[in-house]
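> the following comprises the amino acid sequence and a computationally predicted model.
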Amino acid sequence: MIDGTPSPLRWVRDCLDLLLHTLWPVACPVCGRLGQVLCGECLSSLLTRQIPRCLSCGGPAPCIDHPRSAPILPGAIYEGKVREIIHRLKYGQTRALGPILGRGLAGLRPRPSLEVLIPVPLHLKSPRGYNQAEAIALGLGRAWGIPVRSLARWSSDVPARTRLSRAERRELRTEDFVVASDVRGLRVGLVDDVCTTGTTLSRLASACTAAGARVEAAFVLAHVPG
């Protein structure tokens, strides 16, 4: 309104937001709107299509060295508010962010022709009681109507990727994953929260292929370019 007085509609919305916040005390980490884990407007502003990366080597796609490789499809650069929100999800401050972020990631692209989404598994000795990659995958799966199944696990107690240098990350082996035989003959998509070198996704893709699956793409919330 011209005199700066809030409109009746805005007043009602603010009252509803306050009531929701009282019942469920959260606020959007971007704009601060009460009662919102992450509001739709801010979700849309955070995510945008990124340049695809090669699932075989982590470089830009399409890749000259791996022309038949499936792509890694990120939804943001791992920096600023995106990094902060992923930390909130990953370290347990706001677990409900996972499906919301997955839904936003799904909105960036048409539904792929896949039969299952497989999240990168949680490390064997992780102190967290939940898998943030699975939470993101659930949001993707609901939006696209694709089932999510945790068909992969770590075969050994490898160090958490966040503690390693780029060179150390590339030492990961395909044998460090075990993939269930249920994947045989399926078109699958892999899901993770962050892609740095792409090695984890590449090795998991190789393990899925060895188990008889066809890996069509990997979907990640954010990536570290370079």
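In hand now; what should we look at?

> quick one, strands of the chain?
According to DSSP state E, the chain carries its strands in the segments 53-54, 71-74, 116-119, 152-154, 177-179, 187-195, 214-223.

> so where's the protein uncertain?
Residue ranges of the chain with pLDDT under 70: 1-25, 92, 159-167, 169.

> okay, domains of the chain per the record?
Domains of the chain are assigned by automatic domain parsing as 1-36, 47-223.

> okay, these, which one's buried deepest?
Mean neighbour count (mean count of other Cβ atoms under 10 Å) peaks for domain 47-223 among the domains of the chain, with a mean of 18. For every residue, glycine as well, the C-beta is placed using N, CA and C.

> hang on, isn't Arg128 packed against Tyr91?
Yes - between Arg128 and Tyr91 there is a contact under Cβ atoms under 8 Å: 7.5 Å.

> show residues contacting stretch 84-93.
Applying Cβ atoms under 8 Å, 6 or more residues apart in numbering, the contact partners of stretch 84-93 are 29-30, 38, 46, 78, 94-95, 97-98, 101, 128, 130, 132, 135, 193-194, 221-222.

> go with 10 Å
28-30, 37-38, 42-43, 46, 76, 78, 94-98, 100-101, 127-133, 135-136, 162, 193-194, 221-222 (Cβ atoms under 10 Å, 6 or more residues apart in numbering).

> output it in CSV with nothing but the alpha carbons.
The C-alpha coordinates for stretch 84-93 follow below in CSV (Å, rounded to 0.1, in the frame of the first residue of the first chain):
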residue,chain,number,x,y,z
GLU,A,84,25.8,-23.5,4.2
ILE,A,85,22.6,-25.3,3.5
ILE,A,86,24.3,-28.5,2.6
HIS,A,87,26.2,-28.3,5.9
ARG,A,88,22.8,-27.9,7.7
LEU,A,89,21.6,-31.0,6.0
LYS,A,90,24.8,-33.1,6.3
TYR,A,91,25.5,-32.4,10.0
GLY,A,92,22.0,-32.8,11.3
GLN,A,93,20.8,-29.3,11.9
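
> begin at 52 from here
Okay, using 52 as the starting number, the last item reads as stretch 135-144.

> off-centre distance for it?
Its chain's C-alpha centre and that of stretch 135-144 lie 12 Å apart, by Cα atoms, centre = their mean, to the nearest Å.

> tell me which stretches of the chain form helices.
59-74, 91-97, 131-141, 148-157, 183-195, 217-220, 250-261 (DSSP state H).

> figure out which of the ones you listed is closest to Pro122.
Closest to Pro122 of the helices of the chain, according to Cβ to Cβ: helix 250-261, at 10.5 Å.

> and the closest one, what does it pack against?
Secondary-structure packing of helix 250-261 (3 or more Cβ pairs under 10 Å, 6 or more residues apart in numbering; DSSP states H and E): strand 122-125, strand 167-170, strand 203-205, helix 217-220, strand 228-230, strand 238-246, strand 265-274.

> report the angle between that helix and helix 183-195.
Our comparison of helix 250-261 with helix 183-195, counting by axes from the mean of the first three to the mean of the last three Cα atoms, to 10 degrees, yields an angle of 60 degrees.

> now helix 250-261, how far from the centre of its chain.
The chain centre lies 17 Å from the centre of helix 250-261; the measure is Cα atoms, centre = their mean.

> done for today, thanks.
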